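[1] I need the structure of the sequence given here:
(2 chains)
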Amino acid sequence: MSQEWPLWEVFIRSKTGLDHKHVGSLHAADAAMAMENARDVYTRRMEGVSIWVVESKHIHASNPDEADSMYDPANDKVYRHPTFYVLPKEVEYM
Amino acid sequence: MSVNKLNYILQLADNALIIGHRISEWCGHGPILEQDIAITNTALDHLGQARSLFQYAASLYNELPAEERAAIAPNLNIAADQIADEDTFPYHRDAWDFRNVQLLEQDNKDWAYTVARSFFYDQFTVLHYTALRSSTDASVAAIAEKSLKEAKYHLKWSSEWVIRLGDGTEESHARMQEAINELWAYSGELFMASEADTAMLAEGVATALDKIKTDWFTNVYAILSEATLAMPDANAWMHSGGKTGTHTEHMGFILTELQYVQRAYPNMTW
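    Sure thing, here's the model as predicted:
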């Protein structure tokens, strides 16, 4: 059995109304400890008003080796941006 | 203004200072990085509370009649006509003038002992600060209000560690139980009223310690039960004397480190 405590990813909401942003990771034995460790490591300078923690093993990440096929094809599809389309004059305040 | 009030505030201030100093000794030595930061944050909370209380103690001292100040000044290692500030009390007194309970000066020893010591104290401060919010002394009430928020988090942290270690492996259970049993005999002093406690209770500044005691036992018992730990004997013999300056051998070692710079270079600042 591994002697290391599991790794957790930490997400902090900096202000009410904003979304939670990934800020880093930490080790903790359980969710309660992960929450407190996150509070002590990542909010000690008033960085946040809400914390999410999730065990890192539950995060499924895309493979960097597949970046070419995953993201490059979007590069020449300008028509996917709304600004590509000319609006009729009647729609004045869009 | 009275010497009793000054002594009462010093009891609170010294408790905060000595527990804060003790657990600050973990800085850089915590079992893991995250807990090292957690316990150091807590140490700073305690030192912050100590600062507020020492500032208040200094103002009380400075308002004392000249003859009463002159009687205390030698203990503070300052001249009779000198004004005290927040550093006077922690850096200039010797062990027998400190009024913290003996529990808080006990050795860190290991994580279980450190957790047990904080657990007994945090259970006390949450109840104590809650009650002191309605103190007739506005400064005491304000400090209690601010400190209570911190104390609640400290209690959450220490309680969860008691449960985690108590209800953990065979070894962690045994070591947590040992720490609880060994430090138990120091918990009773928290509820023993000193002359200053009694005088301030009469003025409505302090709160009745025997009322807090009942809730303390209930709350401690609840956590120990959840941790599958045995509650020590409520009627066991208890150490006392810290509140009136009788300390264990640890106190001198703490002050040696805490006061070194001020003793070596008197009145230096940086």
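[2] all contacts plus neighbour counts: C-alpha atoms, from now on.
    Noted.
[3] if I read this right, A:Gly24 contacts A:Glu9, doesn't it?
    Yes. In terms of C-alpha atoms under 8 Å, A:Gly24 counts as a neighbour of A:Glu9; the distance is 6.0 Å.
[4] so which of the two has more stuff around it?
    Using other C-alpha atoms under 10 Å in any protein chain shown as the criterion, A:Gly24 and A:Glu9 rank with A:Glu9 on top: 20 against 13.
[5] tell me the secondary structure at the more buried one.
    Under the three-state scheme (DSSP: H, G, I helix; E, B strand; the rest coil), A:Glu9 adopts strand.
[6] for B:Ile39, same thing?
    Counting by three-state DSSP, the backbone at B:Ile39 sits in helix.
[7] verify the stated contact: it with B:His29.
    No. With contacts counted by C-alpha under 8 Å, B:Ile39 stays clear of B:His29, the gap being 10.3 Å.
[8] more neighbours, these two?
    Neighbour count, other C-alpha under 10 Å: between B:Ile39 and B:His29, B:Ile39 has more, with 22 against 11.
[9] what residues does chain A have near chain B?
    Within chain A, the positions lying close to chain B (C-alpha under 8 Å from any C-alpha of the partner chain) are A:26-27, A:36-37, A:40-41.
[10] for the closest residue to chain B within chain A, grab the count of nearby residues.
    When distances are taken as C-alpha to the nearest C-alpha, chain A approaches chain B most closely through A:Asp40, which lies 5.3 Å from it. In terms of burial, A:Asp40 registers 20 neighbours under the definition other C-alpha under 10 Å.
[11] show the contacting residues for it.
    Residues touching A:Asp40, when contacts are defined by C-alpha atoms under 8 Å, 6 or more residues apart in numbering or on different chains, comprise B:34, B:37-38, B:41.
[12] doesn't B:Ala144 fall inside a helix?
    Yes. When three-state DSSP is applied, B:Ala144 is found to be in a helix.
[13] mind listing the strands in the chain by residue range?
    Reading this off chain A. Along chain A, counting by DSSP state E, strands occupy A:7-13, A:21-27, A:50-55.
[14] which residues of the stretch 51-200 of chain B score low on pLDDT?
    When the per-residue scores of the stretch 51-200 of chain B are filtered using pLDDT under 70, no range remains.
[15] list the contacts of the residue of it found nearest chain A.
    In the stretch 51-200 of chain B, no residue comes nearer to chain A than B:Trp157, which is 7.8 Å away by C-alpha to the nearest C-alpha. Taking C-alpha under 8 Å, 6+ apart as the criterion, B:Trp157 is in contact with A:Glu36.
[16] go on, B:Ala73?
    Contact analysis of B:Ala73 by C-alpha under 8 Å, 6+ apart lists B:79-80.
[17] quick check: it vs B:Phe89, distance?
    B:Ala73 sits 11 Å away from B:Phe89, taking C-alpha to C-alpha, to the nearest Å as the criterion.
[18] ok, B:Glu171 next?
    Computed as C-alpha to C-alpha, the B:Glu171 to B:Phe89 distance reads 42 Å.
[19] out of the two, which sits in the more crowded spot?
    With neighbours defined as other C-alpha under 10 Å, B:Glu171 and B:Phe89 compare such that B:Phe89 has more, 22 against 11.
[20] chain B: helices as residue ranges?
    Assignment of helices within chain B using DSSP state H yields the ranges B:3-24, B:33-63, B:66-76, B:88-92, B:111-132, B:138-166, B:170-184, B:195-202, B:209-226, B:250-258, B:260-264.
[21] so which of these gets nearest A:Tyr71?
    Taking C-alpha to C-alpha, helix B:33-63 is the member of those nearest to A:Tyr71, at 36.5 Å.
[22] is any residue of that closest one near chain A?
    Yes. For a cut-off given as C-alpha under 8 Å from any C-alpha, helix B:33-63 has contacts with chain A, namely B:34-35, B:37-38, B:41.
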